[in-house]
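S.K.: the following block contains a protein sequence and its predicted model.
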Amino acid sequence: MLRSNRDKQQNYELVSIEDLVPADHLLRKVDKYIDFIFIDEKVRHLYSQDNGRPAIDPLVLFKMIFLGYFYGIRSERQLEREVQTNLAYRWFLGLGLTDRVPDHTTISWNRRTRFKDTTVFQDIFDEIVLQAVSHRMIGGRVLISD
């Protein structure tokens, strides 16, 4: 008998992103060995603590930017689209299936305005590289950065 899967798009299912991301996915290894929590301390002084609208969690913002570099996604607009549809990316960022993905304009604004004239990107990159080297995730003899 011929079956149709067309009606399944309207089903409600109890699912966990944790169960949908393969155990051997590369981002699971990154998550296991790289502790991104240091980002909060690096950027705290750049955020207002007592006024304005609530900001996007800096951890989510920088992990999104990390995904862009890690997977060669050069456009912030494309990065937003990729995170919307890729379950592994959502898992890595700590976003649920129905959580709103940060808008590409928010990423751009933070990069061009909040973090302008700071070394925060370089500092975060350096720390990630140091952690990766210490866990033998990457190797190499020379690292040159501007």
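M.R.: Done, it's in. Numbers count the residues shown, from 1 in each chain.
S.K.: quick one, what contacts residue 39?
M.R.: Listed by Cβ atoms under 8 Å, 6 or more residues apart in numbering, the contact set of residue 39 reads 58, 59, 62, 124. For every residue, glycine as well, the C-beta is placed using N, CA and C.
S.K.: residue 85: neighbour count?
M.R.: Using other Cβ atoms under 10 Å, residue 85 has 9 other residues around it.
S.K.: any idea how far residue 105 is from it?
M.R.: Going from residue 85 to residue 105 by Cβ to Cβ, to the nearest Å gives 19 Å.
S.K.: ok, now residue 83?
M.R.: On the measure of Cβ to Cβ, residue 83 and residue 105 end up 14 Å apart.
S.K.: what's the lengthiest helix in the chain packed up against?
M.R.: Ranked by number of residues, the top helix in the chain under DSSP state H is helix 120-134. With contacts defined as 3 or more Cβ pairs under 8 Å, 6 or more residues apart in numbering; DSSP states H and E, helix 120-134 has these neighbours: helix 38-43, helix 58-70.
S.K.: name the stretch among the ones you listed that sits most buried.
M.R.: Most buried of the helices and strands packed on helix 120-134 by mean neighbour count (mean count of other Cβ atoms under 10 Å) is helix 58-70; its value is a mean of 19.
S.K.: C-terminal to that helix, what's the next element?
M.R.: helix 76-85 (DSSP states H and E).
S.K.: which residues are contacting that next one?
M.R.: Contacts for helix 76-85 (Cβ under 8 Å, 6+ apart): 64-65, 67-68, 71, 73, 89-90, 93, 95, 101-104, 107-108, 111.
S.K.: just to revisit the earlier point, widest-spaced pair of the contacts of residue 39?
M.R.: With Cβ to Cβ as the measure, no two of the contacts of residue 39 lie farther apart than 59 and 124, at 10.7 Å.
S.K.: end-to-end on stretch 80-89?
M.R.: 10 Å (Cα to Cα, to the nearest Å).
S.K.: buried stuff in it?
M.R.: 80, 82, 83, 86, 88, 89 (16 or more other Cβ atoms under 10 Å).
S.K.: and if you look at stretch 106-126?
M.R.: So for stretch 106-126, counting by 16+ other Cβ under 10 Å, buried means 106, 107, 110, 115, 120, 124, 125.
S.K.: nice, that's everything, thank you.
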